[in-house]
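J.: Predicted model, plus sequence, below.
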Amino acid sequence: MESFYTIQGEGAYQGHAAYFIRLGGCDVGCHWCDVKESWDASVHPQKSIKSLIDEISDIEGNIVVITGGEPLMHDLDVLTHAIKDNGKRTHIETSGTHKLTGNWDWVTFSPKKFKKPTDEIYDAADELKIVVYNKSDLEWAEMHSKRVKSSCKLYLQPEWSKADEMIPLIIDYVKMNPNWNISLQVHKFMQIP
Ligand SMILES: C[S@@+](CC[C@H](N)C(=O)[O-])C[C@H]1O[C@@H](n2cnc3c(N)ncnc32)[C@H](O)[C@@H]1O
Ligand SMILES: Nc1nc2[nH]cc(C(=O)O)c2c(=O)[nH]1
Ligand code: SF4
Ligand SMILES: [Mg+2]
């Protein structure tokens, strides 16, 4: 759908320079999704892996984030190997609802109530990032945290339109449950992509 060089706004790598590749297509249907225009892959132009690698070679940063849409709707083996051959790190943002393909240095897993994740994604996740839209999502977050590996970092991220309401709840929750961290979408505050 698009590719751009920016600052990772979320999670464990928040604040790091990163080149984003946003792939079209998603069948999860989160009603609060902040990139609904990504859902229909057919309306977006196709780009060759070679042209993406040319763009990546020009950037100073060493992190490439593959996102979407739901990037795992595509087989990502060839693309991730090409990125790593270029000496960059491969990170993915995924709902974990499709087979895990690709060779990853960092897997951010953000499960959704609207489509069940696969069993394999829990072991692969380096970071669990739960979007908090209402109070009950905190309980739901605990359920997923019990299934990821012990080294997996845990993040609660307020749903953007509900942030004023959810941030105080998340702050109280993290103070009581310090194994969780807060992730804010800082790129939105900075008004960058
Ligand atoms: C647009 S999604 C694309 C990747 C993948 N489909 C997924 O959901 O993980 C990228 C990240 O943004 C989060 N996100 C999407 N809409 C959001 C919103 N309105 N508020 C906060 N986070 C949101 C998702 O949970 C995910 O962690
Ligand atoms: N700056 C910035 N950071 C991000 N982290 C995850 C994003 C995503 O949409 O996957 C995202 C995004 O869209 N922009
Ligand atoms: S899974 Fe990701 S891209 Fe798909 S609707 Fe949900 S937030 Fe949007
Ligand atoms: Mg985004």
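T.: Okay, I see it. Ligands and ions are numbered 1, 2, ... in the order given.

J.: quick one: buried residues of stretch 125-135?
T.: 125-133 (16 or more other C-beta atoms under 10 Å). Glycine gets a C-beta too; all of them are placed from N, C-alpha and C.

J.: er, stretch 6-21 actually
T.: Buried residues in stretch 6-21, defined by neighbour count with 16+ other C-beta under 10 Å: 7-14, 18-21.

J.: does ligand 3 sit close to it?
T.: No: Stretch 6-21 is not in contact with ligand 3 by C-beta under 6 Å from any ligand atom; minimum separation 11.8 Å.

J.: Let me see the mean pLDDT of that stretch.
T.: Stretch 6-21 carries an average pLDDT of 98.

J.: wait, does it contact ligand 2?
T.: Yes: using C-beta under 6 Å from any ligand atom, we find that stretch 6-21 touches ligand 2 at 6-10.

J.: re the thing from before, closest to residue 57 out of the buried residues of stretch 125-135?
T.: residue 126 (25.5 Å; C-beta to C-beta).

J.: pretty sure the closest one is in contact with residue 155, am I right?
T.: No: taking contacts as C-beta atoms under 8 Å, residue 126 lies outside contact range of residue 155: 11.2 Å.

J.: so what's in contact with these two at the same time?
T.: Among the neighbours of residue 126, those also in contact with residue 155 (C-beta atoms under 8 Å, 6 or more residues apart in numbering) are residue 12.

J.: ok, now how distant is the residue sitting nearest the centre point of the chain from residue 56?
T.: Nearest residue to the geometric centre of the chain (C-alpha atoms, centre = their mean): residue 93, 2.5 Å. Distance of residue 93 to residue 56, computed by C-beta to C-beta, to the nearest Å: 17 Å.

J.: With residue 159 instead?
T.: In terms of C-beta to C-beta, residue 159 sits 31 Å off from residue 56.

J.: returning to what we had before: wait, doesn't the residue nearest to the centre of the chain sit right on residue 66?
T.: Yes: with contacts counted by C-beta under 8 Å, residue 93 reaches residue 66, the gap being 7.3 Å.

J.: Which residue is the nearest non-sequential neighbour of residue 32?
T.: Among residues not flanking residue 32 along the chain, residue 159 sits closest, at 5.1 Å (C-beta to C-beta, 6 or more residues apart in numbering).

J.: count of residues packed around the one you found?
T.: 19 (other C-beta atoms under 10 Å).

J.: I figured it hits residue 113, correct?
T.: No: contact criterion C-beta under 8 Å: residue 159 and residue 113 do not qualify, at 12.0 Å.

J.: Quick check: residue 128 is in a strand.
T.: Yes: checked against DSSP: H, G, I helix; E, B strand; the rest coil, residue 128 lies within a strand.

J.: Test of understanding: give the bridge partners of it.
T.: residue 109, residue 154 (DSSP bridges).

J.: cool, and the one 4 residues further on?
T.: Beta bridges link residue 132 to residue 158 when assigned by DSSP bridges.

J.: Please shift the residue numbers so they start at 17 in all later answers.
T.: Sure, I'll start counting at 17 from here, so that last one is residue 148.
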